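Colleague: would you be able to build a 3D model of this:
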Amino acid sequence: MTEPSPATPPALARIVRGSGPGLLLAHGAGGSARDNWGPLLDDLAAHRTVVAPDFPGSGDTPFEPAGPSLDELADRLVAAAVEEGLESFDLAGYSLGAAVAVRAATRHPARVRSLLLLAGVAGGDHRLRLTAELAAGLADHPELLARFVLAVAFGETWVDALTAEQLADLRAALLAPVPAGYRQQFGLAGRVDVRGDLARVTVPTLVISTTEDMLVAPSQHRALAEGIPGARLVELASGHLPVVERLPELRALLMDFVTGRPA
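Modeller: Here you go, the predicted model:
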């Protein structure tokens, strides 16, 4: 008697915009396509067919109790682009999404044309693992989680420039419930290690290092740049959330990436 084939995992929900060459976006732990890429989607879609999936338990993709492995997440990310008719594409990954993007590039080399890795996780770092575990453990404590995000996820320069009223408003906004996949995704961010993949990445790669990042330290970004042959490293004076702190500068870097101009 033959064994039944494993069930095909459900498709990831996704945002699809624009036309032209493909651009696939991978979001970070605890975020979603809209949270992490939303303010940039219209600009990117003016030049590209943008496919931005939500990981399980984020955005419009239902929570999955087992949680996907890094390989499964990479395969499903690529499948989302292929399902939208993109045979090949450039791939931008943020934070955990950068590790997913690296794994996707090594598992699907015929699909991925180039990489942009923003504030990315390389892995193999005790501090990153401990920080990810702390972030996951605070999911049921919204007030403590808000303080943690203010202290660690945002850059010192940006936070210190806020007025007392702005700081209070931001702290209140951070009390919103976390996505269902929040713990899983931070757990994965603390476990992944793609350092062994880096030498096998053969596509042009731009690494953007957020230099005031205390969540995913700049040493992680540098590990990505140093491990990928020919990768370029650009520094951005920001904490881990440049889409909030340094949106104009981040937009310029991404537009250079999608239009082929040097960063």
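Colleague: alpha carbons only for contacts and neighbour counts from here, please
Modeller: OK.
Colleague: for Pro53, give its distance to Gly31.
Modeller: 11 Å (C-alpha to C-alpha, to the nearest Å).
Colleague: settle it for me: which of those two has more neighbours?
Modeller: With neighbours defined as other C-alpha atoms under 10 Å, Pro53 and Gly31 compare such that Pro53 has more, 28 against 23.
Colleague: how far away is Val121 from Leu144?
Modeller: Val121 is 24 Å from Leu144, by C-alpha to C-alpha.
Colleague: no, scratch that, I was asking about Arg103
Modeller: With distances taken as C-alpha to C-alpha, Arg103 is found 33 Å from Leu144.
Colleague: these two: who's more crowded?
Modeller: Arg103 (25 against 14).
Colleague: quick check: closest non-adjacent residue to the more buried one.
Modeller: If the residues on either side of it in the chain are set aside, Arg103 comes closest to Ala74, at 6.1 Å by C-alpha to C-alpha, 6 or more residues apart in numbering.
Colleague: list the contacts of the one you found.
Modeller: Contact analysis of Ala74 by C-alpha atoms under 8 Å, 6 or more residues apart in numbering lists 100-101, 103-104.
Colleague: list only those of the residues you listed flagged as buried.
Modeller: For the contacts of Ala74, a burial check counting by 16 or more other C-alpha atoms under 10 Å picks out 100-101, 103-104.
Colleague: nearest to Asp256 among those?
Modeller: Ala101 (19.1 Å; C-alpha to C-alpha).
Colleague: quick one: the closest one from Ala92, how far?
Modeller: Using C-alpha to C-alpha, Ala101 is found at 7 Å from Ala92.
Colleague: between those two, what contacts are shared?
Modeller: Common contact partners of Ala101 and Ala92 (C-alpha under 8 Å, 6+ apart): 26, 115, 117.
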